[in-house]
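Q: below is the structure, and that's it, no one-letter string:
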């Protein structure tokens, strides 16, 4: 059985589904390795513009599989400390992988998103919750730390330190409505509609300029890490300028005048060199 399913429900939209429903999609090393491979493959797919990440069955991801977490490959000659360090990297690299993908990622979260599953959802750019969704920083409950896979960096930036500390230090579970109230998710929908709503949203987003989607994602990711307003504006200015050199804005104007949907091709803009430009300027 494939541990990670990859489907293409619409043009330019890829659905990635964690597929260990009998274990609530818990993270075995085999699942984690395969998910990392799939993320790389989808990131390199130039036809894909938006990604939906979900879990099969009644959970998004219940975190580390404590009964069957497996053994990483290629450990011959390594002592326990190095094996443990490499093992951690297989898990912790997933969130940076998601954030580095050129495509925006929508996490469709139904049922438990515990421990590493909660962390995994933070790697997405949008989080939609089904009514059954439940979130928990499980590590501290299991005698470990609740901070893993980048959650100590991302969670307070998403929902504020007060709400973040309330989850990370108490180990309590919150449902979909509280997750919406504190800003952890942006939508709550019926469970039966969850993946469909995520795919519909992804399909609508895929109508936009691929260039614009990618650069908008880059800016939102960088915005959490840039240290000042001035630096953020400099970054945004350059991205907007790059898009301004495409034919996208003229196409938006043409489409509006013609009462039709625009078709963005990201092709170079050819009308930008008007009269009075220096001799030899491109035309």
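A: The structure has been received and is ready for your questions. What you see is a predicted model, and the numbers here were worked out from it, not measured in a lab.

Q: just after the helix or strand bottoming out on mean pLDDT in the chain, pick out the following helix or strand.
A: Here the helix or strand of the chain ranked lowest by mean pLDDT, DSSP states H and E is helix 80-92, holding a mean of 73. Towards the C-terminus, the helix or strand next in line after helix 80-92, according to DSSP states H and E, is helix 94-100.

Q: can you name the element that comes right after that next one?
A: Heading C-terminal from helix 94-100, the first helix or strand you meet, by DSSP H and E, is strand 105-109.

Q: other residues contacting that next one?
A: By Cβ atoms under 8 Å, 6 or more residues apart in numbering, the surrounding residues in contact with strand 105-109 are 50-55, 60, 98, 120-121, 123-130, 133, 185, 194-195, 197-198, 201-202. For glycine as for every other residue, the C-beta is placed from the backbone atoms N, C-alpha and C.

Q: what pairs with it, and is each one parallel or antiparallel?
A: strand 50-55 (parallel), strand 126-130 (parallel) (DSSP bridges).

Q: now these as JSON lines including mean neighbour count and mean pLDDT?
A: Formatted as JSON lines, the strands paired with strand 105-109 follow (neighbours: other Cβ atoms under 10 Å; pLDDT from 0 to 100):
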{"stretch": "strand 50-55", "mean neighbour count": "27", "mean pLDDT": "98"}
{"stretch": "strand 126-130", "mean neighbour count": "25", "mean pLDDT": "98"}
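
Q: in CSV: those strands, plus distance to residue 234.
A: What follows is the strands paired with strand 105-109, written out as CSV (distance: least, Cβ to Cβ, whole Å):
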stretch, distance to residue 234
strand 50-55, 27
strand 126-130, 26
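
Q: what's the closest of those to residue 207?
A: Closest to residue 207 of these is strand 50-55 (Cβ to Cβ; 10.0 Å).

Q: quick one: contacts of that closest one?
A: Under Cβ under 8 Å, 6+ apart, the answer for strand 50-55 is 12-18, 21, 24-25, 42, 60-61, 98, 101, 103-111, 117, 120, 124, 194-195, 198-199, 202-203, 205-206, 213.
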